[in-house]
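Visitor: A predicted structure for the sequence below; I have some questions about it.
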Amino acid sequence: MGLVLSVIVLATPEWKTVSSSEGITVEARPVTGSPFAELRATTTVAVPVEALCAGAFGTSLVDPKEPSLKSRRVISESPDERVAYDRISPPVVNDRDYTVRTHREQTDRGRCRVTVDIANELAPAPSPSVVRLEKLRCAWDFEPQPDGRTKLTYVMWADPNTSLPAFMVEPSRHELMVVWVKLVIERGKAWVRAGPPSQ
């Protein structure tokens with residue numbers, strides 16, 4: 001068993017830093033069978049875990065600050081889980097759409113986690129004018145630190161379903177990681193000022 005675990009650990013690709021600015025580090029590592037890397041963004045901020053977790057979970061409303069978001073239709077919702085159909089309008093390429101399940105859970109030692117996974121089995125019928133994303137997963141982890149701050153970790157992998165080569169797409173994906181981290185921090189700070197956002 002020990003040998004098997006050692007082989008698995010050795011086979012896991014290492015994270016490599018691709019950018020670091022404004023206290024946010026973005027790293028990448030290859031994904032077997034995909035030209036697109038898995039990305040990880042990390043930072044530590046003076047915002048409570050609960051507030052950041054609320055910011056990552058978001059609301060059922062369309063947030064104009066969400067990158068490229070064109071429309072959202074909520075399919076089902078509970079206090080800690082939401083299924084929503086989103087349509088996005090990214091630059092250069094055609095509109096994309098997908099249905100995702102967003103789930104929030106409190107974990108041990110005061111930590112909180114938000115996961116987002118594809119749930120296209122609940123999506124409306126595909127439109128010929130929109131490209132459907134079939135591969136997407138991400139997770140937000142928030143961990144309280146001894147100094148009172150919170151460590152934020154955001155891990156994301158997606159296949160944008162484009163004919164463009166990966167080297168042309170990756171830089172914009174790196175930038176998008178930073179945009180999302182900043183947005184969640186901004187939402188967290190607003191949550192502290194005003195309390196939980198309305199649903």
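Guide: Sure thing, it's come through. Residues are numbered from 1 along each chain as shown.

Visitor: so which bits of the longest helix anywhere in the chain are buried?
Guide: Secondary structure assigned by DSSP state H gives helix 166-194 as the longest helix of the chain. Using 16 or more other Cβ atoms under 10 Å as the test for burial, helix 166-194 gives 169-170, 173-174, 176-178, 180-181, 183-185, 187-189, 191-192. The C-beta positions use only the backbone N, C-alpha and C, and glycine is treated the same way.

Visitor: stretch 22-33 now?
Guide: Residues of stretch 22-33 classed as buried under the neighbour-count rule (16+ other Cβ under 10 Å) are 24-28.

Visitor: nearest to S68, of those residues?
Guide: When the buried residues of stretch 22-33 are compared for distance to S68 (Cβ to Cβ), V26 wins out at 18.5 Å.

Visitor: element containing the closest one, please.
Guide: V26 is part of strand 24-31 when elements are defined by DSSP states H and E.

Visitor: sorry, back to before: T17: which of the buried residues of stretch 22-33 is nearest?
Guide: E27 (5.2 Å).

Visitor: for that closest one, name its beta-bridge partners.
Guide: T17, R40 (DSSP bridges).

Visitor: and whichever helix or strand C53 is part of, how far from the chain's centre?
Guide: Assigned by DSSP H and E, C53 belongs to helix 49-57. Its chain's average C-alpha position is 13 Å from that of helix 49-57, according to Cα atoms, centre = their mean, to the nearest Å.

Visitor: for the record, mean pLDDT for that helix?
Guide: The average pLDDT within helix 49-57 is 97.

Visitor: and stretch 84-95, by the same measure?
Guide: Averaging pLDDT along stretch 84-95 gives 85.

Visitor: model confidence for the residue nearest in space to the middle of the chain, exactly?
Guide: Geometric centre of the chain, nearest residue: C138, 4.4 Å, by Cα atoms, centre = their mean. C138 carries a pLDDT value of 96.

Visitor: next one: I75
Guide: I75 carries a pLDDT score of 97 in this model.

Visitor: repeat for the one 3 residues further on
Guide: pLDDT, S78: 96.

Visitor: cool, and L3?
Guide: Note for L3: predicted pLDDT of 50.

Visitor: E27 now?
Guide: So, for E27, pLDDT stands at 97.

Visitor: OK, contacts around it?
Guide: When contacts are counted by Cβ atoms under 8 Å, 6 or more residues apart in numbering, E27 touches 15-18, 39-42.

Visitor: restricting to C-alpha, output the host helix or strand of W140 in PDB.
Guide: Element membership for W140, per DSSP H and E: strand 135-144. C-alpha atoms of strand 135-144 as PDB (Å, rounded to 0.1, in the frame of the first residue of the first chain):
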ATOM      1  CA  LYS A 135     -16.300  20.200 -18.700                       C
ATOM      2  CA  LEU A 136     -16.100  22.500 -15.700                       C
ATOM      3  CA  ARG A 137     -15.200  22.100 -12.100                       C
ATOM      4  CA  CYS A 138     -14.000  24.500  -9.400                       C
ATOM      5  CA  ALA A 139     -13.800  24.800  -5.700                       C
ATOM      6  CA  TRP A 140     -13.300  27.600  -3.200                       C
ATOM      7  CA  ASP A 141     -11.700  26.900   0.200                       C
ATOM      8  CA  PHE A 142     -11.600  29.300   3.000                       C
ATOM      9  CA  GLU A 143      -9.500  28.600   6.100                       C
ATOM     10  CA  PRO A 144      -9.100  30.800   9.200                       C
END
